[in-house]
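Novice: What follows is a predicted structure for the sequence shown.
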Amino acid sequence: MGSAGSVDRGPIRTLVLGCMGAGKTSFMRQMVKNHTKQVCLRREYYVYCVQLNLLNVYRELKNVCTSMEIAINEEQSKAFDTIDEYRHKEKFPQKVIDSIVVLRNSQLFDLCRMRQRILPLPQNYNFFIQRADEFMQQDYSPSENDIMMSYSQTCGLYMEEVTCQGYKFELLEMPGHHLWRAKWAQHFDDPALVVFVIDLSELCDPAFYNQGHLENKTVSVFNSLVNNPVLANVHWLLIFNKTDTFNDHSAGFDFKRLANHLDTGDSARSFYRSQFTTKLPRGKCFAHMVSLVNFKDSQTILTDMFKRIGKMHRERPNLT
């Protein structure tokens with residue numbers, strides 16, 4: 001049969017799918033790091049991405065203050081306006097740095113937190129607020145952890161070929177925007193594996209309930225994939241991402257809106273997991289709950305998972 005990942009068998013063709021913000025890019029970074037021992041070869045290329053995350057935190061803070069009726073003084077208002085109007089380039093100009101400093105030194109975050117424990121901000125906001133000074137330095141170079149903690153939108157098809165546990169994987173990540181989801185099937189070129197990434201923390205988002213924009217979206221997207229005849233014989237790896245955020249946000253959350261019998265975060269998490277796993281044949285589906293920004297913990301799970309999938313691919317080359 002030849003060795004695992006041999007030329008005659010080819011790499012394991014893998015689709016990396018999920019809705020916007022689920023964590024597909026974090027998964028790809030994990031796989032690249034597993035293969036090369038680095039998240040990326042040129043970390044300086046990610047300065048823009050990290051700084052854009054910092055800007056987005058402060059842009060959203062303005063909306064939070066408005067919704068919570070937190071008073072904003074004139075200096076703070078001008079700082080918000082400067083950040084809103086700024087079109088990000090390679091280096092922050094001094095006026096943007098000064099505006100971030102004004103807002104960082106204000107008590108706006110603390111005042112908002114006094115009214116609401118979990119703020120409707122990008123989920124990495126604590127990390128970026130605490131290290132804002134470093135990210136604004138002219139000679140700043142991102143660490144691998146900075147890159148892992150940064151959100152970046154998938155803008156087009158992104159392909160990587162990596163080796164994990166001795167097996168070759170050809171990974172194809174596709175954007176999760178609804179316009180792109182309509183085109184996904186055009187790129188289903190005889191896949192052997194689908195990695196579907198799910199944002200577990202959306203269970204704690206009000207938009208998930210009461211006909212919000214998240215209601216049934218992820219499950220519906222997943223159903224359409226399961227019912228696609230091209231994917232009838234693939235294996236599935238379901239990654240329920242952002243468990244750390246879910247744990248933070250689930251304290252005191254009313255999950256009975258999801259189902260009447262759910263009275264804890266653990267029960268809600270298990271119930272939601274079943275909405276996906278029960279739609280797939282036993283033996284074709286593997287499901288794990290992780291935080292993909294936590295490299296050490298998630299790598300233990302992913303490397304074991306891909307070793308098992310690679311072994312099946314060797315024994316049954318087309319995973320049929």
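Specialist: Nice, thanks for sending it over.
Novice: and the protein, what are its domains?
Specialist: 12-21+154-315, 44-148 (automatic domain parsing).
Novice: Do me a favour and get the end-to-end distance for the shortest one?
Specialist: Between the start and the finish of domain 44-148 there is a gap of 14 Å, counting by CA to CA, to the nearest Å.
Novice: Spit out the contact partners of Leu258.
Specialist: Counting by CB atoms under 8 Å, 6 or more residues apart in numbering, Leu258 makes contact with Leu203, Phe208, Tyr209, Ala268, Phe271, Tyr272. Glycine gets a C-beta too; all of them are placed from N, C-alpha and C.
Novice: Of these, select the buried ones using a PyMOL command.
Specialist: Buried residues among the contacts of Leu258 (16 or more other CB atoms under 10 Å), as a PyMOL selection:
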select buried, resi 203+208+268+272
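Novice: Which residue ranges of the stretch 101-250 of the chain form helices?
Specialist: Using DSSP state H, counting those that start in this stretch, the helices of the stretch 101-250 of the chain run over 108-115, 125-130, 132-135, 144-149, 178-181, 217-226, 243-250.
Novice: Out of the ones you listed, flag the one nearest Arg59.
Specialist: Minimum separation from Arg59 across the helices of the stretch 101-250 of the chain (CB to CB) falls at helix 125-130, 11.1 Å.
Novice: any residues touching the closest one, and which ones?
Specialist: Residues from elsewhere that reach helix 125-130 (CB under 8 Å, 6+ apart): Asn53, Leu54, Val57, Glu60, Arg104, Phe109, Leu119, Pro122, Phe135, Met149.
Novice: so how many other residues sit close to the third one?
Specialist: The local packing count at Val57 equals 22, with neighbours defined by other CB atoms under 10 Å.
Novice: repeat for the second one
Specialist: By other CB under 10 Å, 25 other residues sit near Leu54.
Novice: Just the buried subset of the contacts of helix 125-130, written out for ChimeraX, thanks.
Specialist: Selection of the buried residues among these in ChimeraX, burial being defined by 16+ other CB under 10 Å:
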select :53,54,57,104,109,119,122,135,149
